[in-house]
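# One predicted model, sequence on top.
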Amino acid sequence: MSPPPIRGRGTVSNPHNRFAPQRSVVEDDGWYQEAPLTQGTEVIFETAKSIITRNTSPDIPFDRSINPYRGCEHGCIYCYARPSHAYWDLSPGLDFETKLIAKTNAADLLEQQLSKPGYRCAPITLGANTDPYQPIEREQRLTRATLEVLLRYRHPVTIITKGSLILRDLDLLAELARQRLVSVFISLTTLDDALKCTLEPRAASPKARLRAIRVLRQAGVPVGVLCAPMIPMINDHELEALMTEARDAGALSASYILLRLPLEVAPLFEEWLATHYPQRAAHVMSLIRQSRDGATNDSRFGSRMRGEGPFADLLAQRYRLAIKRLGLNGRESFVLDCDSFCPPGGQMSLL
C-alpha cells in the first residue's frame, strides 16, 4: 500500500536518483508508524559559478534562461524538472519539493555576465526549469534582484510562473513593459480547486492566477497563458474553459503542452494516479502511451511537447479552433526590444 499523502506536498515518495551508487529498500518490520502530516522546507544556499543557461532546443522559443532556484516548493507532481535534482545527489521526489537550493549571488553574477565583451542581447527567460515566484522567493527576493539588474541595463526578459507573488514586483514589471522589455506567461492547469490542491499543492489558486493576469494587463504588461500540462482524462476537458477564462482576464495569447513524463517523473506520476484516481489510472496511462509511441515519454524534438496519435491530434485540433474563436494569437505583443540594451559600464544614449 502507498503511504498516505503529506499535506501540501505533491508526492510522498523519495526514490533514489539515478546516479546514486547505493540503494536501500524500506521493509515493513511490523512496527506501525504514522506518516508525518506535514514536511518542512529546507533552503540550501549556493554561490553559483554561472547564472545564464544556454540551450539549442528547436521546441522552445528562447536560447537562454535563468533559474534563481533549484527545486520547487510548488510540488507539481508532473514537473519535468524533477530529474534535475539527481545532479545534486537529491531525490526527484520529496527532496525536489522540500530541499531547495537558492543561488544567493544570482543578481551579481548576472551583472558580471552581461558585462562580458562577447555578450549579445536576446530575451532571457526566468522560470524555464523551476518557478521564480515559488513561496521561498518571498524571503529570498532573488527574482526581484534579478529583475532590477535587467531593468537597470534595459535587458529584455520573459517570465513563466504559476505564482501570484509576481504581483509584488508590479512596479518593476510595469516599467519594463513601458520600455517593451518584458512579457509574462502564466501557467494555468485547472479551474478546479480540489484538483489543484493535489496536482500543484503549493502553487497559487486558479482564481489568484487569473487575477494576476488581470492586474498585469491593467499595468500594461503583455501576458499569455500556458495551459500546461494537458493530462488525458484529468484536465484535458478544461482546455477551452482555461483559454476562455484567461482571455476574459486579459491574456493575449495561449499555448499548451501535452503531459511529459521523463525519467523519474513517470513512476511518481503513476503513484499519484493510484492514490488520487485509482479507478481511471490505467486509462490515463494508456492514453499517454498511445500519444508517446507506446512509451511513457518521448523526448524527440518536434513531438515531445505535443505528442502523436489520435488523442494528441484531437487535442491539437481543439486548441486551434479555440485560438481562432477566442482571438488568442496576439504574438506581436510579445516582441521585445533588444536594441536598447546598455551593458554594465557601457555609455548610455542621450537620445
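Received it, and whenever you're ready, just let me know what you need. The model shown is predicted, which means the values in this text are computed figures rather than measured ones.
# For the protein, just list every one of the strands.
Shown for the chain, the strands assigned by DSSP state E span residues 42-46, 53-54, 64-66, 69-70, 99-103, 124-126, 157-161, 182-187, 223-230, 253-258.
# I'd like those strands written out as a markdown table, with mean neighbour count and mean pLDDT added.
Every residue, glycine included, has its C-beta placed from N, CA and C. Putting these into a markdown table (neighbours: other C-beta atoms under 10 Å; pLDDT from 0 to 100) gives the following:
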| stretch | mean neighbour count | mean pLDDT |
| --- | --- | --- |
| strand 42-46 | 13 | 96 |
| strand 53-54 | 12 | 95 |
| strand 64-66 | 20 | 97 |
| strand 69-70 | 24 | 98 |
| strand 99-103 | 21 | 97 |
| strand 124-126 | 23 | 98 |
| strand 157-161 | 23 | 98 |
| strand 182-187 | 25 | 98 |
| strand 223-230 | 24 | 97 |
| strand 253-258 | 21 | 97 |
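# Let me have the ones you listed in a markdown table, extended by distance to Asp339.
As requested, these are exported to a markdown table (distance: least, C-beta to C-beta, whole Å):
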| stretch | distance to Asp339 |
| --- | --- |
| strand 42-46 | 34 |
| strand 53-54 | 21 |
| strand 64-66 | 17 |
| strand 69-70 | 31 |
| strand 99-103 | 29 |
| strand 124-126 | 16 |
| strand 157-161 | 15 |
| strand 182-187 | 15 |
| strand 223-230 | 23 |
| strand 253-258 | 23 |
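# Go through those strands and name the closest to Arg331.
Among the strands of the chain, the nearest to Arg331 by C-beta to C-beta is strand 253-258 (6.0 Å).
# Just want the angle from that closest one to strand 223-230.
20 degrees (axes from the mean of the first three to the mean of the last three C-alpha atoms, to 10 degrees).
# so what does strand 253-258 touch, helix or strand wise?
strand 223-230, helix 239-249, helix 310-326 (3 or more C-beta pairs under 8 Å, 6 or more residues apart in numbering; DSSP states H and E).
# what about the longest one, average pLDDT?
It refers to helix 310-326. For helix 310-326, mean pLDDT is 97.
# got the contact list for it?
Here helix 310-326 makes contact (C-beta atoms under 8 Å, 6 or more residues apart in numbering) with 230, 232, 236, 239-240, 243-244, 247, 254, 256, 258, 287, 290-291, 306-307, 328-329.
# residue ranges with poor pLDDT in the stretch 1-150 of the chain?
Residues of the stretch 1-150 of the chain meeting the criterion pLDDT under 70: 1-3, 22-38.
# With Leu100 as the reference, measure out to Ala254.
Distance of Ala254 to Leu100, given as C-beta to C-beta, to the nearest Å: 30 Å.
# coming back round to it: pick the most buried one from the helices and strands packed on strand 253-258.
strand 223-230 (a mean of 24; mean count of other C-beta atoms under 10 Å).
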